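*Asks:* Quick one: sequence and predicted model below, then my questions.
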Amino acid sequence: MGKHPRIIAVHIMISKELLDILRCPLDPTRSARLDQEADGLVCQRCRLKYPIKEGLPCMLVEEAILPPGTSSLQALPCQQTSLGEGVQR
Ligand SMILES: [Zn+2]
């Protein structure tokens, strides 16, 4: 023990408090929480990844990275929770 074979190239600390209040901006009900990964914050529901830039999460849908196999935001579960009110930006 004591050795860590896995090295994360960029080490970013997002506080628990911040993760607690952040929600996926795509989710109109603001209930989808985010998980921290090595290079960004990933929505627990739609798996959209918000990149971390200069230590701060970039919570813009336009900057987010689509999960593999997803071609558009419209296909994401968070987007689909909107009740036909139209897409808000
Ligand atoms: Zn989401």
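*Replies:* Received the coordinates, thanks.

*Asks:* Pull out the buried residues from the longest helix seen in the chain.
*Replies:* Longest helix in the chain by number of residues, with DSSP state H as the criterion: helix 16-21. Residues of helix 16-21 include none that count as buried (16 or more other CB atoms under 10 Å). From N, CA and C alone the C-beta is placed, and that goes for glycine too.

*Asks:* Residues in contact with it: which ones?
*Replies:* Arg33, Leu34, Gln36, Leu41, Pro57 (CB atoms under 8 Å, 6 or more residues apart in numbering).

*Asks:* how about the residues you listed in a markdown table, adding secondary structure?
*Replies:* Output for these, formatted as a markdown table (DSSP: H, G, I helix; E, B strand; the rest coil):
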| residue | secondary structure |
| --- | --- |
| Arg33 | coil |
| Leu34 | strand |
| Gln36 | strand |
| Leu41 | strand |
| Pro57 | strand |
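
*Asks:* so which of those residues comes closest to Met13?
*Replies:* Gln36 (8.9 Å; CB to CB).

*Asks:* ok, Val42 - contacts?
*Replies:* Leu34, Asp35, Gln36, Leu48, Lys49, Tyr50.

*Asks:* hey, what's it bridged with?
*Replies:* Counting by DSSP bridges, Val42 is bridged to Asp35, Lys49.

*Asks:* before we move on, back to that, closest one to the ion out of the contacts of helix 16-21, please.
*Replies:* Set against the ion, the nearest of the contacts of helix 16-21 by CB to the ion is Leu34 (8.1 Å).

*Asks:* How many neighbouring residues does the residue lying closest to the closest one once chain neighbours are set aside have?
*Replies:* Closest residue in space to Leu34, ignoring its immediate chain neighbours: Leu41 at 4.3 Å, by CB to CB, 6 or more residues apart in numbering. Leu41 has 25 neighbours, counted by other CB atoms under 10 Å.

*Asks:* And the one 10 residues further on, by the same measure?
*Replies:* By other CB under 10 Å, the residues close to Pro51 number 15.

*Asks:* who's in contact with the closest residue to it other than its chain neighbours?
*Replies:* Leaving aside its sequence neighbours, Pro51 sits nearest to Gly40 (CB to CB, 6+ apart; 4.6 Å). Contact partners of Gly40, counting by CB under 8 Å, 6+ apart, are Lys49, Tyr50, Pro51, Ile52, Pro57, Ile65.
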